[in-house]
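**Student:** coords please:
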Amino acid sequence: MLTNNVARALRYWPINGDFVITNGTEFFNRPLYCDNSAFRIDCGDKPEFSIYAPGRGGNLRPGIKTSAGIKWLNNADEIVTRYHAGSMIYEIHDSLLTPSGKLTLTVLPLAGTKGFIVRAELDGNTKPAQLAVAFGGANGMRGRRGGDIGCENKPISQFFQLQPGECEGNAISISSNVFVLHGNAATITGIFPANSQLEIGDAMNWDRAPALFASTNSNLQYPVAMARIALQPEKPTYFALKEIGEGPKEMSQSDLAGLFSAAEAHRSEIAGEVTVETPDSFINTSVPALNIAADAIWDGQQQSYMHGAVAWRMRLAGWRGPCAGDALGWHERTAAHFTGFAREQNTGLIPNILPPADEEFNLARNEAALHSNGDMTKSHYDMNLVLVDAFFRHLLWTGDTNYAAEMWPVIERHVAWERRLFRREFGPDKLPLYEGYAAIWASDDLSYNGGGAAHASADNYFENKMAAKLAKILGKDPAPYEQEADLILRGMNEYLWLSDDGCFAEYKDYLGLQLTHSDPALWTFYTTIDSETATPLQSWEMSKWVDKHIAHFPVSGTNATDEGLFTLPTSNWMPYEWSLNNVVMAEAAHTSLAYWEANRPETAFLLFKGELTESMYQGLCPGNLGAMTSSDAARGEAQRDFGDAIGINSRTHRRPLWREAGCPFRRIENCSRLSDRLEFCKNLTSRFQF
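**Tutor:** Next comes the predicted model:
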């Protein structure tokens, strides 16, 4: 990353609340999520759609047919593509239409059913026209990481392109205006208007529209379903694809307009969960996309937040995804997520002596000790720490003392587990610091050899302090928690605060000379502030340390929107190693939150808008809250709608509501779920006696 090669043009522009591109080149780059499940529709700058069921559920390719010929819409003369927070809209102009003719396709996931619906509108065209579509290739291919950006052996624009061999074994039946395709991943049915012509074609002609629609045969090795739909000017036409067995009943063509309206109402409700009004269209447009992404990482069946909406779509206690629930108003989801892991907490006997570290992992893990009384995750990470942090922040939002009382034994076991496994005493006064044992997102290659880490110590300080305050409310003894919080804070200031540098050290060795390691990473900066261990002066000093010592990558280009936008790598450590010095959207967002908390709103905003711009507007996927960005020179841009970026950006978007100095936010509106929140939060402090 050199100063002469970091500038990048914007791919997408915020226009009327949408992410807009004209004649974009990408395929399958924008997922549309369906039914709080792994089912999704991958759309792109170009109008072709791939179902992921999960596993490849087939490609749908639309085209246009007039007396002048037939062509795929991917090859249309002009395509204006809009990501409309949960839907895709394509405005198409082409020589096959009259000069004033325009074809508009709107693609929406169905509401409560795994599938999607398309509305086609033909305006200003005087020639008879048909919409020609083909569908096939449901071979169940999953990919290494669910077919995500930067995660497969080829770009996803190529990865999901249909190859004829992927249609082998698909069985297609046609009845009037409905086809049914039996594939390896799912059985998909397509429902079209009554006057449509449905046929079976040869996928060997997939890229040649005239040949494909001339190749009808019901007995083919590589079959695809085809439909031709008459378009009527100024009158919308609908068709839908859905997974068989989903929904209350099979659809008929008379249902399609109503299904579209229901799908749009559902999309609109989610996208409008929280809205903001600012002078900045980039910020305004980002919020509906954030709402959609936050809904996408919620799994309705498992009642849990997923690690990611596409790659890593798996149930994890952490890392920061669950923050989205409370920040955006889905408090019941955060409670259900925590409750699910609380039920799994280990309540076995507490070992008298901790077992030794695992030789098979070169003493870097201790699985037997980890999976003892208090553990909630059955993972080789300490996800307890961030999970309980989210729990206490949930209580700050809701003030739900009944829920707090129900979960109190879980918190007691967790705090005891942390002390038993990770508490280390330093100096003659035996002040405690806590080991960072795989306790944050960056943990994969991060280790402290038993030493006391600033971020883990800060998290344990916050949780002991909160446990003490909750104990008072519930009539429990707060003294053990108050005493431990006080000791941790003393230990951090005695052994980790570097007064000459103006920052907390990354960690202090437990072995050997017990050296203190300077040059903290971003997670040390934002965690010590966010967990309230740093004083206002320490917070300000640390923010100045980041200014000077962490490389600032400008977010700029020939059409840059602001001067001074930037993003950050997670550390200044060398050499590059995975998880230690990536450029990560979530880490930059969390750092911008810490800048706001340190009373540095101007810098906070430049970083905040910088990380949004780089991923949402310069990246491959419009409105994306991804993992790594293109500024990560080794890893590159990777993943779409990743839990950490979604969760912490949810908190960071809301930060200016509480501290408005220097921020462009003028007003924030909330949907009905949030209508009482602001007044309630005014009373929350007195209720919790904080």
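**Student:** going forward, measure contacts between C-alpha atoms and count neighbours the same way
**Tutor:** Fine.
**Student:** now for Thr603: which residues touch it?
**Tutor:** The neighbourhood of Thr603, defined by CA atoms under 8 Å, 6 or more residues apart in numbering, consists of Ser592, Tyr595.
**Student:** quick one, phi/psi of it?
**Tutor:** phi -70, psi -40 (degrees, to the nearest 10).
**Student:** how close does it sit to Ala551?
**Tutor:** When distance is defined by CA to CA, to the nearest Å, Thr603 is 14 Å away from Ala551.
**Student:** ok, Phe426 next?
**Tutor:** According to CA to CA, Phe426 stands 33 Å off from Ala551.
**Student:** which of the two has more neighbours?
**Tutor:** For Phe426 and Ala551, the more surrounded residue by other CA atoms under 10 Å is Phe426, and the numbers stand at 18 against 15.
**Student:** okay, now the domains of the chain?
**Tutor:** The domain map for the chain lists 18-271, 273-328+550-675, 344-535, with the assignment taken from automatic domain parsing.
**Student:** compare those domains and give me the one nearest Thr3.
**Tutor:** Nearest to Thr3 among the domains of the chain is domain 273-328+550-675; the distance by CA to CA comes to 8.2 Å.
**Student:** and that closest one, how far out from the chain middle?
**Tutor:** With CA atoms, centre = their mean, to the nearest Å as the basis, the distance from the averaged C-alpha position of domain 273-328+550-675 to the chain average is 9 Å.
**Student:** go on, stretch 220-228?
**Tutor:** On the basis of CA atoms, centre = their mean, stretch 220-228 is displaced by 36 Å from the centre of the chain it belongs to.
**Student:** so what touches it?
**Tutor:** Applying CA under 8 Å, 6+ apart, the set of residues contacting stretch 220-228 from outside is 130-137, 164-172, 179, 181, 192, 196-204, 213.
**Student:** any idea what Leu105 is bridged to?
**Tutor:** Partner residues in beta bridges with Leu105, using DSSP bridges, are Tyr90, Ala120.
**Student:** please name the residues that touch it.
**Tutor:** Neighbours of Leu105 in contact, by CA under 8 Å, 6+ apart: Met88, Ile89, Tyr90, Glu91, Val118, Arg119, Ala120, Glu121.
**Student:** Glu611 now?
**Tutor:** With contact taken as CA under 8 Å, 6+ apart, Glu611 is in contact with Phe566, Thr567, Met585, Ala588, Ala589.
**Student:** what pLDDT does the third one get?
**Tutor:** For Met585, the pLDDT comes out at 98.
**Student:** again, but for the second one
**Tutor:** At Thr567, the predicted lDDT confidence score is 96.
**Student:** phi, psi of it?
**Tutor:** phi -140, psi 180.
**Student:** touching, it and Ile550? I think so.
**Tutor:** No: the criterion here is CA atoms under 8 Å, and Thr567 misses it with Ile550 at 10.0 Å.
**Student:** neighbour count for these two, which is higher?
**Tutor:** Shown here are Thr567 and Ile550; by other CA under 10 Å, Thr567 has more neighbours (29 against 18).
**Student:** what about the chain, any weak spots by pLDDT?
**Tutor:** In the predicted model, the chain carries pLDDT under 70 at residues 246-253, 558-561, 655-690.
**Student:** before we move on, back to that, pick out whichever of the contacts of Leu105 sits closest to Phe525.
**Tutor:** Taking CA to CA as the measure, Met88 is the one of the contacts of Leu105 closest to Phe525, at 38.8 Å.
**Student:** where does Ala369 sit: helix, strand or coil?
**Tutor:** On the three-state scheme (DSSP: H, G, I helix; E, B strand; the rest coil), Ala369 is labelled helix.
**Student:** how close does it sit to Glu418?
**Tutor:** Taken as CA to CA, the spacing of Ala369 relative to Glu418 amounts to 11 Å.
**Student:** same question for Ala468.
**Tutor:** In this view, Ala468 and Glu418 are 16 Å apart by CA to CA.
**Student:** scan this protein for its longest strand.
**Tutor:** The strand spanning the most residues in the chain, taking DSSP state E as the definition, is strand 56-66.
**Student:** which helices and strands sit right next to the next helix or strand after that one?
**Tutor:** Sequence order places strand 69-72 as the next helix or strand after strand 56-66, per DSSP states H and E. Taking 3 or more CA pairs under 8 Å, 6 or more residues apart in numbering; DSSP states H and E as the contact definition, the neighbouring helices and strands of strand 69-72 are strand 56-66, helix 209-213.
**Student:** just the residues contacting stretch 127-138, thanks.
**Tutor:** For stretch 127-138, the surrounding residues in contact (CA under 8 Å, 6+ apart) are 56-67, 97-98, 162-168, 170, 181-186, 203, 223-232.
**Student:** do stretch 172-180 as well
**Tutor:** Outside of stretch 172-180, the residues within contact range by CA under 8 Å, 6+ apart are 181-182, 187-200, 223-225, 253.
**Student:** tell me the buried residues in that stretch?
**Tutor:** Residues of stretch 172-180 classed as buried: Ile172, Ile174, Asn177, Val178, Phe179, Val180 (neighbour count, 16 or more other CA atoms under 10 Å).
**Student:** return the subset of the residues you listed lying in strands.
**Tutor:** The members of those that map onto strands under DSSP E are Ile172, Ile174, Val178, Phe179, Val180.
**Student:** save these as JSON lines, and put in distance to Gly272 too.
**Tutor:** Converted to JSON lines, these look like this (distance: CA to CA, whole Å):
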{"residue": "Ile172", "distance to Gly272": "39"}
{"residue": "Ile174", "distance to Gly272": "39"}
{"residue": "Val178", "distance to Gly272": "34"}
{"residue": "Phe179", "distance to Gly272": "35"}
{"residue": "Val180", "distance to Gly272": "35"}
